[in-house]
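K.L.:
no sequence for this one, just the structure:
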Ligand SMILES: O=C1O[C@H](COP(=O)(O)O)[C@@H](O)[C@H](O)[C@H]1O
């Protein structure tokens, strides 16, 4: 593993291939969950969706920890039911909540509602009882520099990126997002004990480097700048 600091408040963890990355990231997350369970009897993890996390989910699902004491939720979700191929909950059910991790308690963000605003409000209420703060959050990133559902073209982006928001879940409308979204607030993400960004491929690497260039204000940069602790970036070609 090549480890280097490129700039700003993050560490770059580079791997020779995606399998090695998956195993290493699963090890870091499992260690955080185990520590939380031993310190407070419970652990809270938020994971991203999209196409990148499947290998990491598979590795984490086989890690022998006290999964019955772990609550898993999503960093963000598309406003689609779990049966949709675009559902992040569907991805988590098929790849993470398997093997040893089948014992984990999963709290989805999607449920039927008249509007995305209504769904976000009832998620906000339902998620209040989770054991905050997150012990670990694993973010993804799109080629446009979005992370969670903080899309660069989202309506009211400053509200989404408000690090002092009192909201847990926010609704998102962005033309580039495909469908309305639900996202954890910036405040809940950056309060996590361990913040990882998982990206793969040369295009994502250059999108990340571009987002971190001086003067750029891409959402991923806003998260890294607002986080009170170093963000661990996990990358493989
Ligand atoms: O829309 C989303 O995209 C990002 C990145 O997804 P990927 O397919 O490029 O890996 C993801 O982190 C987010 O959870 C998802 O909703």
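P.N.:
Here it is on my side, so go on. Keep in mind that this is a model prediction, so the values were computed, not measured. Numbering: from 1, shown residues only.
K.L.:
What does the most centrally placed residue in the chain show for phi and psi?
P.N.:
The chain has residue 139 as the residue nearest its centroid, 3.3 Å off, counting by C-alpha atoms, centre = their mean. Backbone torsions of residue 139, given as degrees, to the nearest 10, read phi -90, psi 150.
K.L.:
is the strand or helix carrying residue 126 up against the ligand anywhere?
P.N.:
Using DSSP states H and E, residue 126 falls within helix 116-127. No - using C-beta under 6 Å from any ligand atom, helix 116-127 never reaches the ligand; the gap is at least 13.9 Å. C-beta: built from backbone N, CA, C; applies to glycine.
K.L.:
And that helix, what does it pack against?
P.N.:
Applying 3 or more C-beta pairs under 8 Å, 6 or more residues apart in numbering; DSSP states H and E, one finds that helix 116-127 makes contact with strand 169-172, strand 181-184.
K.L.:
what lines up beside the first one in the sheet?
P.N.:
In other words, strand 169-172. Each strand paired with strand 169-172, and its direction, by DSSP bridges: strand 181-184 (antiparallel).
K.L.:
How many residues are close by the closest residue to residue 106 other than its chain neighbours?
P.N.:
In this structure, residue 106 finds its nearest non-sequential neighbour in residue 72, 5.1 Å apart by C-beta to C-beta, 6 or more residues apart in numbering. Residue 72 has 21 neighbours, counted by other C-beta atoms under 10 Å.
K.L.:
Could you do residue 128 as well?
P.N.:
For residue 128, the count of nearby residues is 9 (other C-beta under 10 Å).
K.L.:
How about residue 164?
P.N.:
8.
K.L.:
what sits against it?
P.N.:
By C-beta atoms under 8 Å, 6 or more residues apart in numbering, the contact list for residue 164 reads residue 187.
K.L.:
Apply 10 Å and report the result again.
P.N.:
By C-beta atoms under 10 Å, 6 or more residues apart in numbering, residue 164 lies in contact with 185, 186, 187, 226.
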